[in-house]
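> the following block contains a protein sequence and its predicted model.
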Amino acid sequence: MHQNGVVVLDNGGGLIKAGHGGERDPSAVIPNCVHRPLSSKKLVTPSPTEPMDLTSAAVRRPIDRGYLINPDLQREIWAHLFTQVLRVNPAQSSLLLTEPLFTLPSIQRAADELVFEDFNFAALYVAHSPSLAHLYEASRRPITAQCSLVVDCGFSFTHAVPVFQNFPINYAAKRIDLGGKALTNYLKELVSYRSVNVMDETFLIDDVKEKLCFVSMNVPRDLQTAKKHGKENAFRCTYVLPDGVTHTQGYVKDPEEAKRYLAVGDGYSVQEVAKKMDVDREEVADKLEERKKIDLSKNEFDLTNERFLVPEMIFHPADLGMNQAGLAECIVRAVSSCHPHLHPVLYESIILTGGSMLFPRLADRLERELRPLVPDEYQVKITPQEDPILGVWRGGSVLASSPDFEAMCVTKAEYEELGSARCRKRFF
């Protein structure tokens, strides 16, 4: 058991990333939820080592829309994490905890009570995700002006936050209430309407989204291509549902077929796409004929335009009925809220972090959408993080290993003497 040191905890709405300060990768990445499998009557905390059968599992989450709403459930998940997974002694450890921007004081108080009163940590430091993402990128490559725009698209929401000398500029931060959860729910609705009812299969559709969805560079053209039948359709692919006997997890029937969209060039017309598919036809003909044979022992469904229409919501939330700006406009509004001297620097150092930034081609599409909105004299440079899911945690690990970290923390004695509200003033 680790006796002392710093525990770095990136407490996301979808995943918890937890480990020890100074290490490159977290010791555990687990879903931030408890679930009840169909085969069980009690709620189970996810484990990073044991395989989980999540088919039709009922899920309870302590975080909703990015904010902690169920501290008792969070206590249960953290207790399992600290004792069984990390094996740390909280009384002899410090905790670096991430927290969303604009968290209400009552939620901050509940988090502080969990840390100091339930788990008895020796010290606490609370950081915002954009600051840690910026810090990690600055540690990997010199950001000359110590200034960047962090776009964090996670499970619950998307933030565009200017960061100056490691502090988020709160008055310029912009938020879209759209994240991975909304995209998964939209994909569930599309598949349920067109193929098979998957409204209870959250984890399964998460897997479909991560393996098969991508960002389109030309939506009208791709919609035309997706209407075509058989071999001319570059986007059609099949996902096989688990049967609970031989497969407890779903899988892509033909991974090579799922990558055919990569052959469709950026500037191709519908006719050129059709010709390209003709060239590839001979190579995949056998596989497609094999796929056409319906295997009644397997429950499967096809995806076509859903693959790019779901990530498209990041750029056009209005299509989901949300009265909000798309990602490109959100970035422009965030930059415009800052001092004009910062504008060229921010556009040159846009950092993409968060799990929903993993869609293929997202950075290229974002640059194309941004360019017409940005003055011509400014350069636009977008840097996706090496691993968008772990980028914030790695920033926390860098901060926890710095020599000044202990002095920045609030100790348990200070918390007991001054209370939550006054202690919080030290962090931001």
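Nice, thanks for sending it over.

> any weak-confidence spans in this structure?
1-4, 50-53, 142-145, 265-298 (pLDDT under 70).

> what's the burial count for Gln224?
When counting by other C-beta atoms under 10 Å, one arrives at 16 neighbours for Gln224. In this view, the C-beta of every residue, glycine as well, is placed from N, C-alpha and C.

> ramachandran angles for it?
phi -70, psi -40 (degrees, to the nearest 10).

> for it, give its distance to Met217.
14 Å (C-beta to C-beta, to the nearest Å).

> pretty sure Arg236 contacts Asp302?
Yes - the criterion here is C-beta atoms under 8 Å, and Arg236 meets it with Asp302 at 5.8 Å.

> pick out whichever of these two has more residues nearby.
Regarding Arg236 and Asp302, a neighbour count based on other C-beta under 10 Å identifies Arg236 as having more, with 23 against 16.

> excluding its backbone neighbours, what's nearest that one?
Once flanking residues are discounted, Arg236 sits nearest to Thr304: 5.1 Å by C-beta to C-beta, 6 or more residues apart in numbering.

> residue contacts, that neighbour?
Residues in contact with Thr304 (C-beta atoms under 8 Å, 6 or more residues apart in numbering) are Ala226, Asn233, Phe235, Arg236.

> adding distance to Val374 and secondary structure, write the residues you listed out as JSON lines.
Output for the contacts of Thr304, formatted as JSON lines (distance: C-beta to C-beta, whole Å; DSSP: H, G, I helix; E, B strand; the rest coil):
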{"residue": "Ala226", "distance to Val374": "31", "secondary structure": "helix"}
{"residue": "Asn233", "distance to Val374": "35", "secondary structure": "coil"}
{"residue": "Phe235", "distance to Val374": "31", "secondary structure": "coil"}
{"residue": "Arg236", "distance to Val374": "36", "secondary structure": "coil"}
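
> which among the residues you listed end up buried?
Ala226, Asn233, Phe235, Arg236 (16 or more other C-beta atoms under 10 Å).

> quick one: which of those is nearest to Ala133?
Phe235 (32.1 Å; C-beta to C-beta).

> verify the stated contact: the closest one with Lys227.
No - counting by C-beta under 8 Å, Phe235 stays clear of Lys227, with 10.1 Å between them.

> okay, which residue is most central for this protein?
For the chain, the residue nearest the mean C-alpha position is Gly355 (2.2 Å; C-alpha atoms, centre = their mean).

> and Val8, what are its phi and psi?
According to degrees, to the nearest 10, Val8 has phi -100, psi 120.

> for it, name its beta-bridge partners.
Gly19, Leu96 (DSSP bridges).
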